[in-house]
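Enquirer: Sequence first, predicted model second:
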Amino acid sequence: MEETIVRHAAQLDGKILIDAANNISSSDMNNVNSLAVFRAHTPHAAIYRAFNTYGWENFADPLYQGVPGDLFYCGPAGSSQTVVEQLISEVGLRPVRVGDADQADLVDSLLRFWFTLSHSQGNRHLALKLLTR
């Protein structure tokens, strides 16, 4: 990802960027995102961490007994947030913002939780749901 971001930084800067990739080959599973690279090379971009916490199965079929799973994400509030939430909704999931991009570790923790849970359950067809009153 770093090479691609650096090569295309001029075209990416100033845009809405969603870091959805997981660097699972990293020796540090606590650092699987590319936000630092995006920040360094695209300082005028609105950078989000989203679409990285589930397997592809949840994007292909996001409903569970007719209820959409929640997709937790982070990034700046504002007009770009509306665009990101629209994309999440169009996939069929319910967007749940957990804060600015400084919450990427929290979003990545949900990736590790989903991965562990899906393996222990032997089922990748599972999603998370935030319940509120």
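Expert: Okay, I see it.

Enquirer: Now do residue 46 against residue 95, distance only.
Expert: 15 Å (C-beta to C-beta, to the nearest Å). For glycine as for every other residue, the C-beta is placed from the backbone atoms N, C-alpha and C.

Enquirer: In contact with the residue nearest to the spatial centre of the chain: list those residues for me.
Expert: Centre of the chain computed as the mean C-alpha position; nearest residue by C-alpha atoms, centre = their mean is residue 50, 1.7 Å away. Residue 50 makes contact with 18, 19, 20, 71, 73, 74, 75, 84, 88, 95, 107, according to C-beta atoms under 8 Å, 6 or more residues apart in numbering.

Enquirer: how many neighbours does the closest residue in space to the first one that isn't next to it in sequence have?
Expert: This points to residue 18. Once flanking residues are discounted, residue 18 sits nearest to residue 48: 4.8 Å by C-beta to C-beta, 6 or more residues apart in numbering. A count of nearby residues for residue 48, using other C-beta atoms under 10 Å, gives 29.

Enquirer: what helices or strands is the longest helix along the chain leaning on?
Expert: Counting residues, the longest helix found in the chain (DSSP state H) is helix 104-121. The contact analysis (3 or more C-beta pairs under 8 Å, 6 or more residues apart in numbering; DSSP states H and E) places helix 104-121 against strand 46-49, strand 70-73.

Enquirer: Okay, buried residues for that helix please.
Expert: 104, 107, 108, 110, 111, 114, 115, 118 (16 or more other C-beta atoms under 10 Å).

Enquirer: between those, which is nearest residue 127?
Expert: residue 114 (8.1 Å; C-beta to C-beta).

Enquirer: residues touching that closest one, list them.
Expert: 53, 54, 55, 126, 128.

Enquirer: Now list the buried members of the residues you listed.
Expert: Neighbour-count burial (16+ other C-beta under 10 Å) is assigned, among the contacts of residue 114, to 53, 54, 128.

Enquirer: helix/strand/coil for the first one?
Expert: Residue 53 falls in the coil class when you classify it by DSSP: H, G, I helix; E, B strand; the rest coil.

Enquirer: Please list all residues in contact with it.
Expert: 71, 72, 107, 110, 111, 114, 128.

Enquirer: Sort those by pLDDT and name the bottom one.
Expert: Minimum pLDDT for the contacts of residue 53 is recorded at residue 111 (91).
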